[in-house]
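Undergrad: Here is a sequence with its predicted model. Questions after.
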Amino acid sequence: MFGLPLPSWLLIIPVLAFLIFVHELGHYLAAKRFGIKVLEFGFGFPPRMFGVRYGETLYSINWIPLGGFVRMLGEDNATGVPDSAEQARLESGDPDPDRGRRFTDQSPLKRTIVLVAGSFMNFLTPLVIFSIIFLFPRDVPVGTVSISGVAPRSPAAEAGIRPGDQILAVNGDRVRNHYELIERVGDSLGEEIELNLRRGSIVSGLGQSPEFSVVETVTVVPRSNPPSFRVVETVTDPGTQVSFREARRYDGQLEVGDTLTQGAVGVIIGTANFRFVKERQPALQAVPDAAGRMWEILTTTKNAFQQWAGGGPNPGFTGPIGIAQVTGEVAEASDQYGLTIFFELVAFLSISLGIINILPIPALDGGKLVFVVIEWVRGGKRISPTKEGLVHIVGFAVLIGLILVVSFFDITRILSGERLIP
C-alpha cells in the first residue's frame, strides 16, 4: 500500500497515534473552554523529545508515538486525582494562586464534559471520514447475491429458501452484494425480516434469466446463537448431529467428523457477476448517510457481542497485536479494492476507541467518570483521593494484564498462519 517497502502492519502506529491524539485534543479543547489550566499537551508518550511552551502550556513531542496526553493542573495524569504537589499545598494551607483553575475545582458537570470530550472526538472523526467517503466518487462492489447452500433445520430451510435463489432485498431495501446482506441480517438478530428472492423458472432449460424468473417474499428470523452439528453417517442425536448426506448438500467440502456451523439464517452466499461501479452521495445526504453507517457499525458490534456472551463465536475481540494484523491485512486488500476500506477501518477503530474509553474501566475516562457521578449522587462529597487512586492503579494493572493475555492469543494465531480477514 502507498508503495511503502515496510510491512503493512506498521501502519497501525500512525493510525493509533492520530486517533489517540484526536481523543486527547477533545480533552484539551474542553479544558481550555472551561478555563482549566493545562500544564502539558503531549503528542506521544515520554520520554520527551522536545517541547515548546506557549503561554501556560507546554506542547511536547515524545519518543513513543502511540497517542498523547493532556496534563491538567491538580490532576495526576495516571489516576485523575490530585497530584502530590497539590496534596502538599492543601495540607500546608498555602494560598492558591490558581484557585478555580484546577480540574478538581470544577463542578461535576464540567468535569464530566471534559472527560467525555475525548470519546466525543472519536465519534466525530468517523462521521467526518464517512461523510468525505460518501461525498467523493468511490468504487462500490455490486452484483447478484446468490445462495449456494441451505443448512438443514435452519430458518432458511424452514422458509423454503433453495440453492440457486437470488436475494434482491431485505425488508424492501435493495442489497447489492453479500457484505450488505450480512450487515442487514446482523442488524436484525432475533427479529423477523422479509427477504425478496428471485427464483428461476420451474420450466426445465429456462435457467435464471430475469424474464423467465419469479420474485417471491419469504420471512425469516435470524438467530443470535446459531447451532453447530457434528457430521455423522447415521444420526442418533438430531440435536447435535447432522447426516453426511444433508451436510454435503449444504457444503460440499464437509466430511464425516467435521462440524457444520450455521450462520444466523443458515445459508452459504456469494456475489455473482461481481463488479465495481462509481458512486457518490449529494452533499446534503452525505452526513445523514455517514451517521447511518456509524449506527450500523454500533448495532452490528452490539449484536456480535451478544452472540459471544451467549456462547457464540468470538466477535473479533483482539489486542494491539491483532489490531496491527488486521490493519496490515486491510492495507494489503486496499491495493485491490481501493483506499476506501482502509479509511473505513480507521473510522471503525475510532468508534471502538471512543466506546472503550467511555466504559467504566478504572484509569480510563469512564472509570474517572464513575467517581464524578458518585460525588454528584452523594451531594458533592468526594471519595478519598487515596482510595480513588488505588482503584485506578489496580484497575490499570488488571487492564494491562488482560492486554497481555489477549496479545498472547494474537501471537499464537499469527504464528499458526490464521488471518482475521478471510
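TA: That came through fine.
Undergrad: ok, which stretches of the stretch 151-300 of the chain are strands?
TA: Assigned by DSSP state E, counting those that start in this stretch, the strands in the stretch 151-300 of the chain fall at 166-170, 173-174, 193-199, 214-220, 228-232, 241-243, 259-261, 267-279.
Undergrad: Format the ones you listed as JSON lines; extra columns: mean pLDDT and mean neighbour count.
TA: Backbone N, C-alpha and C define where each C-beta goes, glycine included. Supplementary listing: these in JSON lines, determined by pLDDT from 0 to 100; neighbours: other C-beta atoms under 10 Å:
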{"stretch": "strand 166-170", "mean pLDDT": "92", "mean neighbour count": "20"}
{"stretch": "strand 173-174", "mean pLDDT": "90", "mean neighbour count": "10"}
{"stretch": "strand 193-199", "mean pLDDT": "92", "mean neighbour count": "19"}
{"stretch": "strand 214-220", "mean pLDDT": "90", "mean neighbour count": "14"}
{"stretch": "strand 228-232", "mean pLDDT": "91", "mean neighbour count": "18"}
{"stretch": "strand 241-243", "mean pLDDT": "91", "mean neighbour count": "19"}
{"stretch": "strand 259-261", "mean pLDDT": "88", "mean neighbour count": "14"}
{"stretch": "strand 267-279", "mean pLDDT": "85", "mean neighbour count": "15"}
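Undergrad: and Leu11, which of the ones you listed is closest to it?
TA: strand 267-279 (23.4 Å; C-beta to C-beta).
Undergrad: what's the angle from the closest one to strand 166-170?
TA: Angle of strand 267-279 versus strand 166-170, following axes from the mean of the first three to the mean of the last three C-alpha atoms, to 10 degrees, is 70 degrees.
Undergrad: Which neighbouring elements make contact with strand 267-279?
TA: strand 138-150, helix 178-186 (3 or more C-beta pairs under 8 Å, 6 or more residues apart in numbering; DSSP states H and E).
Undergrad: Give me the mean pLDDT for the last one.
TA: Spelled out, that is helix 178-186. For helix 178-186, mean pLDDT rounds to 86.
Undergrad: Give me the contact list for it.
TA: Here helix 178-186 makes contact (C-beta atoms under 8 Å, 6 or more residues apart in numbering) with 141, 145, 167, 170-171, 173, 175, 193, 222, 264-265, 269-271, 296, 299-300, 303-304.
Undergrad: repeat that with 7 Å
TA: Helix 178-186 is contacted from outside by 145, 167, 170, 173, 175, 222, 264-265, 269-271, 296, 300, 303, using C-beta atoms under 7 Å, 6 or more residues apart in numbering.
Undergrad: Let's see that helix as PDB, backbone CA atoms only.
TA: Extracted in PDB, the C-alpha atoms of helix 178-186 (Å, rounded to 0.1, in the frame of the first residue of the first chain):
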ATOM      1  CA  HIS A 178     -23.300 -10.200   0.100                       C
ATOM      2  CA  TYR A 179     -21.500  -7.800   2.500                       C
ATOM      3  CA  GLU A 180     -24.600  -5.600   2.600                       C
ATOM      4  CA  LEU A 181     -26.700  -8.700   3.200                       C
ATOM      5  CA  ILE A 182     -24.600  -9.800   6.200                       C
ATOM      6  CA  GLU A 183     -24.800  -6.300   7.700                       C
ATOM      7  CA  ARG A 184     -28.600  -6.100   7.300                       C
ATOM      8  CA  VAL A 185     -29.100  -9.500   8.800                       C
ATOM      9  CA  GLY A 186     -26.600  -8.700  11.600                       C
END
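Undergrad: for the stretch 51-200 of the chain, which spans come out with low pLDDT?
TA: Applying pLDDT under 70 to the stretch 51-200 of the chain flags the ranges 66, 76-96, 200.
Undergrad: tell me, which helix in the protein spans the most residues?
TA: Counting residues, the longest helix found in the chain (DSSP state H) is helix 385-415.
Undergrad: For it, name the packing helices and strands.
TA: helix 320-337, helix 365-377 (3 or more C-beta pairs under 7 Å, 6 or more residues apart in numbering; DSSP states H and E).
Undergrad: returning to that earlier point: got JSON lines for the strands of the stretch 151-300 of the chain, with distance to Ser334 too?
TA: Formatted as JSON lines, the strands of the stretch 151-300 of the chain follow (distance: least, C-beta to C-beta, whole Å):
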{"stretch": "strand 166-170", "distance to Ser334": "27"}
{"stretch": "strand 173-174", "distance to Ser334": "26"}
{"stretch": "strand 193-199", "distance to Ser334": "31"}
{"stretch": "strand 214-220", "distance to Ser334": "34"}
{"stretch": "strand 228-232", "distance to Ser334": "33"}
{"stretch": "strand 241-243", "distance to Ser334": "39"}
{"stretch": "strand 259-261", "distance to Ser334": "29"}
{"stretch": "strand 267-279", "distance to Ser334": "13"}
